[in-house]
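Undergrad: Here is the input, now give the coordinates:
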Amino acid sequence: VKDLAGKKIAISALHSQNAVSVQKVIKAAGVDISKVQFIETPSPSQADALKSKQVDAVVTVDPYTTQLTSSGVGRVISWPNIESIPEQPLGAWFAKSKFITDNPDIITGFTNSLKEAMDYLNGDETRAKQEVAAYTGLDPALVKDMPMIGWNYKVDPAKWQAVIDMMVESGEMEKAHTTDEFFSDALKSFIVE
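TA: Predicted coordinates:
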């Protein structure tokens, strides 16, 4: 990572949580972030950009990471979403407060269905990979080589707060917030301390 100074890096979104995580890891390696050029590039195009030397590195997600490593086009030098804030939340569902208040049965059903799906997928890795391949249309051989997704419906306020703080520190969020501004009552049974 320290060798990224002066390099061009492809990333799918310049102002995303992913981008901020990468910047945090690069800074932790002692690199002046102003010496790195980030180029917004869709994930499906990143392998070609790396192969043709338009960029020196890419920040991508699976299945693209596995495609890059298994083809020999690239190698992993960092897992920024793990290294910046281990176990940080990378996906969430948002709804308007009024919708949540007006539709408690829908919200309860939706959250319970997500929990059930995650328990099902976490219960059998082989089955989960078959389901991922079937749902996404990806080649099952590629999915077999991909690391398992860490599906988790437990909400750790400390991890969420760390992400909020990281986004504020980077300037991507204009002001400080607390997790209670984002969490609905529907999450209470999923919160862990």
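Undergrad: in this structure, which spans are strands?
TA: Counting by DSSP state E, one finds strands in the chain at the ranges 8-11, 37-40, 57-59.
Undergrad: and these as JSON lines, adding mean neighbour count and distance to Ile85?
TA: C-beta coordinates here come from the backbone N, C-alpha and C atoms, glycine included. Shown next, in JSON lines, are the strands of the chain (neighbours: other Cβ atoms under 10 Å; distance: least, Cβ to Cβ, whole Å):
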{"stretch": "strand 8-11", "mean neighbour count": "22", "distance to Ile85": "17"}
{"stretch": "strand 37-40", "mean neighbour count": "14", "distance to Ile85": "19"}
{"stretch": "strand 57-59", "mean neighbour count": "23", "distance to Ile85": "15"}
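Undergrad: Of all those strands, which one is nearest Thr69?
TA: With respect to Thr69, and counting by Cβ to Cβ, the nearest of these is strand 57-59 at 11.5 Å.
Undergrad: and that closest one, average pLDDT?
TA: Here the mean pLDDT over strand 57-59 is 97, rounded to a whole number.
Undergrad: Give me the contacts around that strand.
TA: Strand 57-59 has contacts (Cβ atoms under 8 Å, 6 or more residues apart in numbering) with 4, 7-12, 18-19, 22, 41, 46-47, 49-50, 64, 68, 74, 77, 80.
Undergrad: Turn the strands of the chain into a markdown table, columns for distance to Ile26.
TA: Converted to a markdown table, those look like this (distance: least, Cβ to Cβ, whole Å):
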| stretch | distance to Ile26 |
| --- | --- |
| strand 8-11 | 9 |
| strand 37-40 | 10 |
| strand 57-59 | 10 |
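Undergrad: most residues in a single helix of this protein, which one?
TA: Of all the elements of type helix in the chain, the one with the most residues (DSSP state H) is helix 104-122.
Undergrad: any low-confidence regions in this structure?
TA: Under the criterion of pLDDT under 70, none of the chain is flagged as low confidence.
Undergrad: mind listing the helices for it?
TA: Defined through DSSP H, the helices belonging to the chain, from first to last, are 17-28, 43-51, 64-71, 80-83, 97-102, 104-122, 125-136, 140-145, 157-170.
Undergrad: Can you report how many residues lie near Asp156?
TA: Other residues within reach of Asp156, judged by other Cβ atoms under 10 Å, total 17.
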